[in-house]
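Asker: Okay, sequence plus prediction incoming.
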Amino acid sequence: MPRLRVYIACSLDGFIAGPDGDLSWLPQPSGDEAPGQEDDFGYADFISGVGALLMGRTTYDAVRAMGIPWPYERSVVVATHRPLDDAPAGVSAAAGDIGALVETAARRAGGKDVYIDGGALIRQALDAGLVDEMCVTVIPVILGAGHPLFAGVARRQTLSLVAQRALPGGLVQLTYRLP
């Protein structure tokens, strides 16, 4: 079975989006970087090992609302009970419990890892003991309210730190393995 991995940013107070899904607090490229010199915070290396994404409907809708070309060139499974109108190629809807959703994404991953994205799905996968690795980039901003990353997990989670990295702008990237 492929690994189930999280790669996400959160505010210092643990939110992945502000009220009403606001993402304006996330750092944007400054535009001053030389071509090819942008720091992608390890995302290119991470995504190269991913064969499929399992994404929550709220996350899917947020990405679609950004007005950018669909950024994923791999299979994407969206956890939803509603139809996906005009979904990009490779995107499909699925419903079921977290175990069934992860199995669906794993079948589509072609032996590579599964990237899980979306607060509610991540919390469900943590509670089910399915997450193998989490890379969390902490952004130095306190939002005070919004969509939480971890608030609401049903059980305590014990993590093992495997990497830490200070990034430009005061960001800190933490990579954990789960038992």
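Answerer: Perfect, thanks for sending it.

Asker: Verify the stated contact: Trp70 with Asp86.
Answerer: No - counting by CB atoms under 8 Å, Trp70 stays clear of Asp86, with 10.7 Å between them. Every residue, glycine included, has its C-beta placed from N, CA and C.

Asker: more crowded one of the two?
Answerer: Set Trp70 next to Asp86 and count neighbours by other CB atoms under 10 Å: Trp70 wins out with 14 against 6.

Asker: What is the helix or strand containing Cys135 packed up against?
Answerer: Taking DSSP states H and E as the criterion, Cys135 maps to strand 133-139. In terms of contacts (3 or more CB pairs under 8 Å, 6 or more residues apart in numbering; DSSP states H and E), strand 133-139 is packed against strand 4-11, strand 172-177.

Asker: and the longest one, what does it pack onto?
Answerer: Right, strand 4-11. By 3+ CB pairs under 8 Å, 6+ apart, strand 4-11 packs against strand 15-17, helix 43-48, strand 113-117, helix 119-127, strand 133-139.

Asker: okay, these in CSV with mean pLDDT and distance to Ala65 next?
Answerer: Converted to CSV, these look like this (pLDDT from 0 to 100; distance: least, CB to CB, whole Å):
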stretch, mean pLDDT, distance to Ala65
strand 15-17, 95, 12
helix 43-48, 92, 20
strand 113-117, 97, 15
helix 119-127, 96, 17
strand 133-139, 97, 20
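
Asker: Save these as a markdown table, and put in distance to Gln157 and mean neighbour count too.
Answerer: Shown next, in a markdown table, are the helices and strands packed on strand 4-11 (distance: least, CB to CB, whole Å; neighbours: other CB atoms under 10 Å):
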| stretch | distance to Gln157 | mean neighbour count |
| --- | --- | --- |
| strand 15-17 | 16 | 24 |
| helix 43-48 | 20 | 12 |
| strand 113-117 | 14 | 25 |
| helix 119-127 | 6 | 21 |
| strand 133-139 | 9 | 20 |
